[in-house]
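Student: coords below, sequence missing:
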Ligand SMILES: Nc1nc2c(c(=O)[nH]1)N[C@H]1C(S)=C(S)[C@@H](COP(=O)(O)O)O[C@H]1N2
Ligand SMILES: [Mo]
């Protein structure tokens with residue numbers, strides 16, 4: 001699936017992120033090959049049958065990567081078959097299977113839209129259980145499009161560990177588990193109304209929409225699930241959808257084909273892939289990933305045992321809306337010739353639950369801040385890309401004295417550029433962000449460094 005450009009942090013399940021932020025932020029809309037993959041399930045449901053799988057080439061032969069686009073021939077099963085035949089597979093077979101479907105094949109997979117169904121029900125008065133196929137959704141409901149950024153709550157986890165010097169539990173994601181994509185699908189609001197959900201805001205309060213994907217067992221639960229407040233799902237401007245397209249193509253298997261939840265402005269774990277069950281409930285989803293993970297536990301909670309024993313999970317709210325955040329993707333020195341003044345150019349991204357209004361950059365540890373230029377922002381839910389040029393005075397004498405390093409007889413020094421963001425709702429990046437056990441939601445200042453030479 002063209003994922004050759006990702007750094008793989010875990011194979012089974014597949015977890016991978018783009019290694020180069022310069023490359024990632026070069027695109028306003030993230031191309032598929034740079035979209036990170038985050039999976040809790042032991043393998044990816046890909047609608048391929050167990051047999052026969054006739055590969056034209058083994059997925060990882062020779063120089064060819066197993067994440068290649070090569071169109072392997074394979075057959076597809078009815079979604080209801082996914083679970084049972086796949087469970088019996090050895091990890092190797094499963095791993096291969098996860099990548100046999102090419103985009104081209106999926107496009108030919110017209111029958112999937114007929115057979116893949118989602119069951120919708122709820123505890124709300126007047127609701128009736130409904131089962132809708134993807135085809136029915138496509139044919140009978142409006143198509144909406146939205147540009148929205150998908151961000152893993154664990155984005156910047158490695159940075160949290162680096163800055164606090166305290167080990168965090170979880171995949172050490174860098175700052176690339178973010179993808180800005182154009183999603184198309186059906187409004188969840190319309191689907192819920194069809195099943196009898198009330199349009200009255202008063203009646204919606206206190207309810208949650210729970211999503212389940214039962215197609216593959218997960219590491220910590222039998223299936224994957226999560227929930228969002230019903231009010232978010234029903235808000236006309238909430239733009240929550242059941243998406244079947246990403247960047248004008250059908251979803252690929254690893255990103256949730258044939259249907260995934262898209263919750264603009266919310267963290268990625270609520271964007272349930274391969275969703276097949278939607279329930280309106282008075283309670284949040286009972287799933288592990290809603291209840292016992294994705295919470296910013298207080299700093300004093302130092303171990304999983306303590307979190308469990310003292311019920312810190314129950315005492316800490318589930319993460320939902322994106323927090324205000326910014327990252328420096330790259331800093332370069334534009335003028336290295338001048339000994340006592342350098343011009344630096346920094347670029348990066350920022351996001352929040354509402355549009356970014358301002359990004360500021362400092363090259364003196366936060367003494368003085370310069371406003372960056374926002375070069376891209378689209379609608380309400382996209383990331384913001386920014387750039388900033390700034391002049392930095394170098395104390396040449398001090399540099400000589402300290403002489404931190406010499407290259408070809410020239411002294412060099414390292415300049416660190418930091419960033420902070422603000423959004424239209426009035427939130428500022430909480431740069432005092434502390435350590436938490438699972439390393440989620442880190443939003444300390446963005447930072448990146450560049451070495452400059454004197455002379
Ligand atoms: N069914 C299912 N949906 C899921 C997950 C999962 O493991 N299983 N992971 C979630 C998490 S934590 C994230 S960050 C996003 C990642 O989406 P992507 O793999 O398309 O980038 O999917 C979410 N939806
Ligand atoms: Mo995530």
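Tutor: Sure, I can see it. Worth saying up front: this structure is predicted, and the values here are computed from it rather than measured. Ligands and ions are numbered 1, 2, ... in the order given.
Student: next, the nearest residue to residue 454 once chain neighbours are set aside: secondary structure please.
Tutor: Computed as Cβ to Cβ, 6 or more residues apart in numbering, the closest residue to residue 454 that is not its neighbour in sequence is residue 411, at 4.8 Å. The way it works is simple: take the backbone N, C-alpha and C, and place the C-beta from them, glycine included. The three-state label given to residue 411 by DSSP: H, G, I helix; E, B strand; the rest coil is strand.
Student: residue 411 touches residue 397, doesn't it?
Tutor: No - using Cβ atoms under 8 Å as the test, residue 411 is too far from residue 397 to be in contact (10.9 Å).
Student: mind checking which of those two has more residues around it?
Tutor: Just comparing residue 411 and residue 397: by other Cβ atoms under 10 Å the higher neighbour count belongs to residue 411, 20 against 9.
Student: what sits opposite the more buried one in the beta ladder?
Tutor: Beta-bridge pairing of residue 411, defined through DSSP bridges, involves residue 406.
Student: and what of the one 4 residues further on?
Tutor: With DSSP bridges applied, residue 415 shows beta-bridge pairing to residue 450.
Student: what about residue 224? Give its phi and psi, please.
Tutor: Backbone torsions for residue 224, taken as degrees, to the nearest 10, come to phi -100, psi 140.
Student: make that residue 137, sorry
Tutor: The main-chain torsion angles of residue 137 are listed as degrees, to the nearest 10 and equal phi -60, psi -40.
Student: repeat for residue 163
Tutor: Backbone dihedrals for residue 163, given as degrees, to the nearest 10, come out at phi -70, psi -30.
Student: in contact with it, which residues are there?
Tutor: Counting by Cβ atoms under 8 Å, 6 or more residues apart in numbering, residue 163 makes contact with residue 444.
Student: which of the helices or strands spans the nearest residue to residue 236 once chain neighbours are set aside?
Tutor: The spatially closest residue to residue 236, leaving aside those adjacent along the chain, is residue 189, at 7.0 Å (Cβ to Cβ, 6+ apart). With the criterion set as DSSP states H and E, the secondary-structure element containing residue 189 is helix 188-194.
Student: from the chain's centroid, how far away is stretch 426-436?
Tutor: Its chain's average C-alpha position is 19 Å from that of stretch 426-436, according to Cα atoms, centre = their mean, to the nearest Å.
Student: contact residues of the stretch 101-250 of the chain facing ligand 2?
Tutor: Those residues of the stretch 101-250 of the chain that sit near ligand 2, judged by Cβ under 5 Å from the ion, are residue 152.
Student: let's see that with 8 Å instead.
Tutor: Taking Cβ under 8 Å from the ion as the criterion, the neighbours of ligand 2 within the stretch 101-250 of the chain are 152-155, 177.
Student: isn't residue 417 right next to residue 452, touching?
Tutor: No - taking contact to mean Cβ under 8 Å, the distance of 11.4 Å between residue 417 and residue 452 leaves them out of contact.
Student: nearest to ligand 1: which residue in this structure?
Tutor: The minimum distance from the chain to ligand 1, using Cβ to the nearest ligand atom, falls at residue 268 (2.8 Å).
Student: excluding chain neighbours, give the residue nearest to that residue in space.
Tutor: Nearest to residue 268 is residue 152, by Cβ to Cβ, 6+ apart, at 4.7 Å.
Student: and the residue of the stretch 301-450 of the chain found nearest ligand 2, how many neighbours?
Tutor: Relative to ligand 2, the nearest point of the stretch 301-450 of the chain is residue 440 (8.6 Å; Cβ to the ion). Around residue 440 there are 23 other residues, counting by other Cβ under 10 Å.
Student: I'd say it and residue 156 touch.
Tutor: No - distance between residue 440 and residue 156: 9.3 Å, which falls outside the contact criterion (Cβ under 8 Å).
Student: where are the low-confidence patches of the protein?
Tutor: 1-4, 12, 43-113, 336-337, 398-410, 455 (pLDDT under 70).
Student: need the helices for it, in chain order.
Tutor: Remark: helices of the chain, listed N- to C-terminal, are 21-24, 83-87, 91-97, 103-107, 110-115, 134-140, 157-164, 188-194, 201-204, 230-234, 288-291, 304-309, 312-315, 396-402; assignment by DSSP state H.
Student: what's the spacing between residue 20 and ligand 2?
Tutor: Taking Cβ to the ion, to the nearest Å as the measure, residue 20 falls 20 Å from ligand 2.
Student: which bits of the stretch 151-300 of the chain sit near ligand 1?
Tutor: Within the stretch 151-300 of the chain, the residues that sit near ligand 1 (Cβ under 6 Å from any ligand atom) are 152, 213, 224, 255, 268-269, 271-274.
Student: next, format the residues you listed as a markdown table and append neighbour count.
Tutor: Output for these, formatted as a markdown table (neighbours: other Cβ atoms under 10 Å):
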| residue | neighbour count |
| --- | --- |
| 152 | 25 |
| 213 | 24 |
| 224 | 27 |
| 255 | 25 |
| 268 | 23 |
| 269 | 25 |
| 271 | 26 |
| 272 | 30 |
| 273 | 26 |
| 274 | 28 |
